[in-house]
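>>> Show me the folded form of this:
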Amino acid sequence: GALLRWRDNVPLLSWILLRGRCRACDMPISVRYPLVEATNALLWIALAWWALAVPDRMSLLPLLLVLASAGLALAVIDIEHHRLPDVIVLSLYPVAVIGLLLSQLIQSQGHWPDAFCGAAIWGLTIGGLWLVTSGRGMGLGDAKLAPVLGAVTGWLGIAESAIGLLAAFVLGAIVGIGLIASGRSQRRSRMAFGPFLLGGALIAVLFGEFLWDVYARVTGL
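You can find the predicted model right below:
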């Protein structure tokens, strides 16, 4: 095989300049790669916008950028193969601890009780569903992923974390109903839930505070 040049590995730009084909063999390069790269860039931009809006959030940005890229990889793998590899999922635990410690050092304050509560809420909910359904309603990979997402969203607040978990189920229900209605899936068909957990966590980060404020005003809390 040919040795790829550095300019052939620039995310998104290389695919555009090469017109979607390999420079060496002229074979087509799947459009999936630039789509994933573009999605990753959009996630980073959205998180940077969120962090810049409130200076105190900047301390959490490095962790969120890492989680966004790892989460995108997990979502793609789960959709294609219906599995969440331990090598990625379990590595997120020390990454999250280090990232939260860094945030604490920068801000001179931590939110560990909320992080532990978030991890417990997400972990017990998803892990409980996996246990009760014997893995048919929820995968073991989902049960392993949930606590770390709960911890990071819990760092922002228990309300935001709970909103993220609820959003995951709402997203899953909407997509599931849509697939069944379109005839692309059946009621007993398996559906990857990892992307919805990750999507719910993203909603918790970007919009959790806003959604909670709206809910509090509507309910008078």
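>>> for the helix ranked longest in the chain, packing partners?
For the chain, the helix that runs over the most residues, judged by DSSP state H, is helix 194-219. Identification of packing neighbours for helix 194-219 by 3 or more Cβ pairs under 8 Å, 6 or more residues apart in numbering; DSSP states H and E yields helix 32-53, helix 61-81, helix 140-156, helix 158-181. The way it works is simple: take the backbone N, C-alpha and C, and place the C-beta from them, glycine included.
>>> domain ranges for this structure?
1-30, 36-219 (automatic domain parsing).
>>> any idea which of the ones you listed is most buried?
Here the criterion is mean neighbour count by mean count of other Cβ atoms under 10 Å, and of the domains of the chain the winner is domain 36-219, at a mean of 17.
>>> Could you check how far residue 166 is from residue 173?
According to Cβ to Cβ, to the nearest Å, residue 166 and residue 173 sit 11 Å apart.
>>> cool, and residue 148?
With Cβ to Cβ as the criterion, residue 148 and residue 173 are 23 Å apart.
>>> thinking residue 172 is in contact with residue 196, fair?
Yes - counting by Cβ atoms under 8 Å, residue 172 does reach residue 196; the two are 4.2 Å apart.
>>> show me the residues around the residue nearest to residue 58 when sequence neighbours are not counted that make contact.
Leaving aside its chain neighbours, residue 58 sits nearest to residue 51 (5.0 Å; criterion: Cβ to Cβ, 6 or more residues apart in numbering). For residue 51, the contact set (Cβ atoms under 8 Å, 6 or more residues apart in numbering) comprises 57-58, 60-61, 64.
>>> List the contacts of residue 68.
40, 43-44, 47, 202.
>>> need these in CSV with distance to residue 116, can you?
Below are the contacts of residue 68 laid out as CSV (distance: Cβ to Cβ, whole Å):
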residue, distance to residue 116
40, 30
43, 26
44, 28
47, 23
202, 21
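>>> Nearest to residue 73 among the residues you listed?
Checking the contacts of residue 68 against residue 73 with Cβ to Cβ, the nearest one is residue 40 at 9.0 Å.
>>> still on that earlier bit, could you dump the contacts of residue 68 into a markdown table and include pLDDT and distance to residue 80?
Output for those, formatted as a markdown table (pLDDT from 0 to 100; distance: Cβ to Cβ, whole Å):
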| residue | pLDDT | distance to residue 80 |
| --- | --- | --- |
| 40 | 95 | 17 |
| 43 | 97 | 19 |
| 44 | 97 | 23 |
| 47 | 98 | 25 |
| 202 | 98 | 20 |
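>>> which non-adjacent residue is nearest the residue nearest to the spatial centre of the chain?
For the chain, the residue nearest the mean C-alpha position is residue 198 (2.9 Å; Cα atoms, centre = their mean). Once flanking residues are discounted, residue 198 sits nearest to residue 71: 4.3 Å by Cβ to Cβ, 6+ apart.
>>> Provide a list of residues in contact with the one you found.
198, 201-202.
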